[in-house]
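Enquirer: Return atomic coordinates for the entry below.
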Amino acid sequence: MRYLKWFVPVIIILLVAIFAPIIITGYAALKQAETARAEKDYGSAAKFYERAARLLIWRKDLWEKAGIAASVGDNPANAILDLERAPELSEEGWLALGYCYYQIGDLKSAQTAFQNGATFYSSSSAYAGLAQIYQRQKNWNAERAALENQLRLDAGNAYAHYRLGVVLTALEPERALSELMLAASLNPEADSVVQTLRVALNLFAAQPDLSQRQVTVGRALGLAQEWDLAIVVFEKAVALNAKNAEAWAWLGEAKQQTGQDGRAELDQAVALEPASAVVRALRGLYWNRRQKYAQALAEYSLAAKYEPKNPAWQASLGDAYVKNGDLVAALSAYQRATELAPNVAAYWRLLAIFCMENNARVEDIGLPAAQKAVELAPDDPLALDALGWAYLSSSRYASAEKTLQAAVARSPKLMSAHIHLALTYFAQGRRAAAFDQLTYVRDADAGGANGLLAEQLLAKYFP
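Expert: Modelled structure (predicted):
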């Protein structure tokens, strides 16, 4: 008993001596983690949380905190390791785990994480994550269900309404319009695309031919850059009528837009209806992409022959003539397009651009064409850019500067206008202003055509 009296206190002292530094170090690490997180130093926060989690083993929340910090700090691999070590996860934890797996391309694990978040917490964000995965997998029915569940929990999400409307346009057109209109009311920026789809859906309801209905909807989805869904619709069209040449041609175009070849579908379309202007024009586009300009010219010539009053084919014909080196015929084709559609600014703009690009008839044709384009569409930044370029090409530098500044004010991301403005500043001897424009384009369009042009101009004028 005498030994017991002093043995127990000694053991307690030893335990305190062993574990007190660990506990103190653990809480110190936790404090450092909270400080780093408050300062938005998420990489350091994750490391300190990890250290605290190893020392304060009874704190079940620390591995999740470490994982979330690593996720916010754009370190998905470490975030996954930390989150997978957490004994349980909150809604935020499941979302972080799902998006980290998504970032590294492990869609199966991401799907599991989001499903857990949706199951345990009825998370609208988890359903949004699932919808994103199903979209990548082209599992349209599953995406629709996920979006519907997301909106059940978050009815005011404009993008979810828009995306559901787009998916329904392909799967159930009769239900699509209400979702699209709601999306436009919640986010006016979606209105232009919504109006395109709205027109198509109204035409869909009015057309008696079931196959052609699908072609109308598929083309609208293409205009909205939803080519994967357009393929679904065009495939419906050919299934409804295997002799619908236009449906086959648009299916070929949609496949090209998604990285496939599309040649077989276009050949089938030509075999079914060789005198179709639409079929010939889409086939011309196919050859143009492959830089087979003689074949493209032949196809556009046929399109223009079969529909001689369609200005679109004349504009395409003009581009084909340019690429085949026949500038005289090209000019004639562009002028013909403006004659057929004298009140459409786009064709006047294309005529003006042809003149500037080829330094041909700028004063008597190019500049008046650009002025006409702006007269018809005074707020169109593309038209203003063309006019500014025409003023620059004809040495009217003050007018060029004013017009191009108006173009970039209306569309700050219109890189060609910034390039033309930089060239205008060079012509005026304002090198610093030109430098600012070119560095903006170089950084904003890194890897793009205008970005590369800006790099070349910077290297030339600012070696």
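
Enquirer: Name the SS class of residue 379, please.
Expert: Of the three states, residue 379 takes coil according to DSSP: H, G, I helix; E, B strand; the rest coil.

Enquirer: Number of residues surrounding it?
Expert: 9 (other Cβ atoms under 10 Å). C-beta here means a position set from N, CA and C on the backbone, and glycine is covered the same way.

Enquirer: for it, what are its contacts?
Expert: The neighbours of residue 379, taking Cβ atoms under 8 Å, 6 or more residues apart in numbering as the test, are residue 410.

Enquirer: Give me the phi and psi for it.
Expert: Here the main-chain torsion angles of residue 379 (degrees, to the nearest 10) amount to phi -100, psi 10.

Enquirer: quick one: it from residue 345, how far?
Expert: From residue 379 across to residue 345, the span is 10 Å (Cβ to Cβ, to the nearest Å).

Enquirer: Same question for residue 258.
Expert: 31 Å.

Enquirer: Look at these two and report which has more neighbours.
Expert: residue 345 (20 against 12).

Enquirer: So for stretch 143-163, first residue to last residue, what's the gap.
Expert: Its start and end residues considered, stretch 143-163 measures 9 Å (Cα to Cα, to the nearest Å).

Enquirer: List the buried residues of it.
Expert: Residues 143-144, 146-151, 153, 157-158, 160-163 are the ones in stretch 143-163 that count as buried (16 or more other Cβ atoms under 10 Å).

Enquirer: Helices - which of the residues you listed land there?
Expert: Within the buried residues of stretch 143-163, membership in helices is found for 143-144, 146-151, 153, 158, 160-163, as judged by DSSP state H.

Enquirer: Check those against residue 371 and report the nearest one.
Expert: Distance to residue 371 across those (Cβ to Cβ) is lowest for residue 162, with 37.8 Å.

Enquirer: For residue 129, see how far away the nearest residue to that closest one once chain neighbours are set aside is.
Expert: With sequence-adjacent residues excluded and distances taken as Cβ to Cβ, 6 or more residues apart in numbering, residue 162 is closest to residue 183, at 3.7 Å. Using Cβ to Cβ, we find residue 183 at a distance of 20 Å from residue 129.

Enquirer: what do you get for residue 107?
Expert: 11 Å.

Enquirer: what's stretch 246-259 in contact with?
Expert: Outside stretch 246-259, the residues that touch it by Cβ under 8 Å, 6+ apart are 211-212, 214-215, 218-219, 222, 227-228, 230-231, 234-235, 237-238, 241, 261-266, 268-269, 272-273, 276, 278-279, 282-283, 285-286, 289.

Enquirer: Out of those, list just those in helices.
Expert: 211-212, 214-215, 218-219, 222, 227-228, 230-231, 234-235, 237-238, 263-266, 268-269, 272, 278-279, 282-283, 285-286, 289.

Enquirer: Now a PyMOL select for only the buried ones of the residues you listed.
Expert: Buried subset of those, written as a PyMOL selection, criterion 16+ other Cβ under 10 Å:
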select buried, resi 211+212+214+215+218+219+222+227+228+230+231+234+237+238+265+266+268+269+272+278+279+282+283+285+286
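
Enquirer: Can you show me the helices along the stretch 1-150 of the chain?
Expert: 2-38, 42-55, 62-72, 76-85, 91-103, 107-121, 124-137, 140-153 (DSSP state H, counting those that start in this stretch).

Enquirer: Of those helices, flag the one that's most buried.
Expert: helix 62-72 (a mean of 26; mean count of other Cβ atoms under 10 Å).

Enquirer: Could the C-alpha coordinates of it be exported in PDB?
Expert: The C-alpha coordinates for helix 62-72 follow below in PDB (Å, rounded to 0.1, in the frame of the first residue of the first chain):
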ATOM      1  CA  LEU A  62      -9.500  17.900 -38.300                       C
ATOM      2  CA  TRP A  63      -8.800  15.600 -41.200                       C
ATOM      3  CA  GLU A  64     -11.900  17.100 -43.000                       C
ATOM      4  CA  LYS A  65     -10.700  20.600 -42.300                       C
ATOM      5  CA  ALA A  66      -7.300  19.700 -43.700                       C
ATOM      6  CA  GLY A  67      -8.900  18.300 -46.800                       C
ATOM      7  CA  ILE A  68     -11.100  21.200 -47.400                       C
ATOM      8  CA  ALA A  69      -8.200  23.600 -47.000                       C
ATOM      9  CA  ALA A  70      -6.100  21.600 -49.500                       C
ATOM     10  CA  SER A  71      -9.100  21.600 -51.900                       C
ATOM     11  CA  VAL A  72      -9.500  25.400 -51.700                       C
END
